[in-house]
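In: My questions concern the predicted model and sequence given below.
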Amino acid sequence: MDGEKDGLVALGRISRPHGVRGEVQVYPYSGPESIAGIREIHLRHITGRSSTHRVLRSRIKGPKAVILSLDGITDRDKAEEMRGAEILVPRRSLTRSEGEYFWYELEGLEVVTQDGKSLGVIREIIETGANDVLVVQGPRGEVLLPVIEEVIRQVDIERGTCTVEPLPGLLEIYDL
């Protein structure tokens, strides 16, 4: 994540306006709780400009969305200008629940199966509607693994590993 070098970590992206009073809907890269408690955010707009906003109000909307009300954003047109902006926060302000990880913590981890076979290294995480997907680069080339409980068995940030149990038949498609 680009902002990490200056102490900022990307937590999500503004997906669209919400309502007519300037609220925005955010897609969080981790659980929605990671954004819901933040009081100030930095935005990196798709135009390249940056801005900082106080969070006036936040609420979780379902398992993969947060609604934010930001100072200075008072109508739908201003909220529309925020579409696509990446949300950055200082690393020191981050908190997470047990078993939750930020994307920047996962990128670079070695992915191994429960029987010890290395699949490679997490290079990217793709956001999808149903669940996120790990992009693992290794000896089989690029392997895509869904981020679901049945597949991701253990994440050990300190050891630098992510232990997985691929769904039946999943790895065979990469052995063409």
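Out: Sure, I can see it.
In: To what extent is Ser50 buried, counted in neighbours?
Out: The local packing of Ser50 (other Cβ atoms under 10 Å) involves 14 other residues. Using the backbone N, CA and C atoms, a C-beta is placed for each residue, glycine as well.
In: Oh, that last question was meant for Gly31, not what I typed.
Out: By other Cβ under 10 Å, the residues close to Gly31 number 18.
In: Leaving out the residues flanking it, which one is nearest to it?
Out: Excluding the flanking residues, the one nearest Gly31 by Cβ to Cβ, 6 or more residues apart in numbering is Glu100, at 5.1 Å.
In: quick one: the helices in the chain?
Out: For the chain, the helices defined by DSSP state H occupy 33-36, 76-81, 103-106.
In: Give the buried residues for the longest one.
Out: What that stands for is helix 76-81. 79, 81 (16 or more other Cβ atoms under 10 Å).
In: got a list of contacts for it?
Out: If you take Cβ atoms under 8 Å, 6 or more residues apart in numbering as the criterion, helix 76-81 is touched by 17-24, 45, 72-73.
In: now for the least confident helix or strand in the chain by mean pLDDT, which elements pack on it?
Out: Taking mean pLDDT, DSSP states H and E as the measure, the chain has helix 33-36 as its least confident helix or strand, at a mean of 77. With contacts defined as 3 or more Cβ pairs under 8 Å, 6 or more residues apart in numbering; DSSP states H and E, helix 33-36 has these neighbours: strand 8-18, strand 23-28, strand 50-60, strand 66-70.
In: before we move on, back to that, the residue nearest to Gly31 contacts Pro28, correct?
Out: No: using Cβ atoms under 8 Å, Glu100 makes no contact with Pro28, being 10.4 Å away.
In: who touches both of these two?
Out: In contact with both Glu100 and Pro28: Ser34, using Cβ under 8 Å, 6+ apart.
In: ok, these two, which is more surrounded?
Out: Between Glu100 and Pro28, counted using other Cβ under 10 Å, the more crowded position is Pro28 (21 against 13).
In: how close does the more buried one sit to Arg159?
Out: 26 Å (Cβ to Cβ, to the nearest Å).
In: Also Gly48?
Out: 37 Å.
In: So which of these two has more stuff around it?
Out: Neighbour count, other Cβ under 10 Å: between Gly48 and Arg159, Arg159 has more, with 11 against 6.
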